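Novice: This is a predicted model, with the sequence first.
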Amino acid sequence: MSKEAFLFALVVGAALLALWVAMRFPEQGPSTISMAFVHVGAAMLVSALLSPAMAFVAGGGGIFLAVFGVALPAFTYMFLAGIWLTRAFLAAVPH
């Protein structure tokens with residue numbers, strides 16, 4: 001498997017995990033748009049810190065831990081924040 005194919009599978013897997021969490025626990029997550037934007041901001045911070053965290057963990061020889069212990073949860077949270085923002089926006093818009 002090429003690096004590109006693995007990265008694609010990792011990101012798709014993270015998106016599916018985020019979707020599962022959002023559907024399995026619908027009562028969790030922010031209920032207002034402002035709190036959803038706080039989570040989006042936190043996801044942006046996670047995105048900025050992802051590369052240094054991966055380099056730090058992988059530098060110690062833990063590439064498996066870097067991918068599945070750092071990158072997968074980070075990608076999942078980024079997608080989950082987007083789902084929560086969409087859900088909060090749809091709840092705020094009158095039908």
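Specialist: Noted; the coordinates are in hand.

Novice: Might you report the residue contacts of residue 10?
Specialist: 67, 71, 72, 75 (C-beta atoms under 8 Å, 6 or more residues apart in numbering). C-beta here means a position set from N, CA and C on the backbone, and glycine is covered the same way.

Novice: Include distance to residue 36 and pLDDT when you put these into a markdown table, please.
Specialist: Formatted as a markdown table, those follow (distance: C-beta to C-beta, whole Å; pLDDT from 0 to 100):
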| residue | distance to residue 36 | pLDDT |
| --- | --- | --- |
| 67 | 28 | 92 |
| 71 | 23 | 94 |
| 72 | 22 | 96 |
| 75 | 18 | 97 |
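
Novice: which one of those has the most neighbours?
Specialist: For the contacts of residue 10, the largest number of neighbours (other C-beta atoms under 10 Å) sits with residue 75, at 23 neighbours.

Novice: Give the full set of residues in contact with that one.
Specialist: Per C-beta under 8 Å, 6+ apart, neighbours of residue 75: 10, 11, 14, 15.

Novice: Mind doing that once more with 6 Å?
Specialist: Taking C-beta atoms under 6 Å, 6 or more residues apart in numbering, we find residue 75 in contact with 11, 14.

Novice: same deal with residue 59?
Specialist: Residue 59 makes no contacts at all, as judged by C-beta under 6 Å, 6+ apart.
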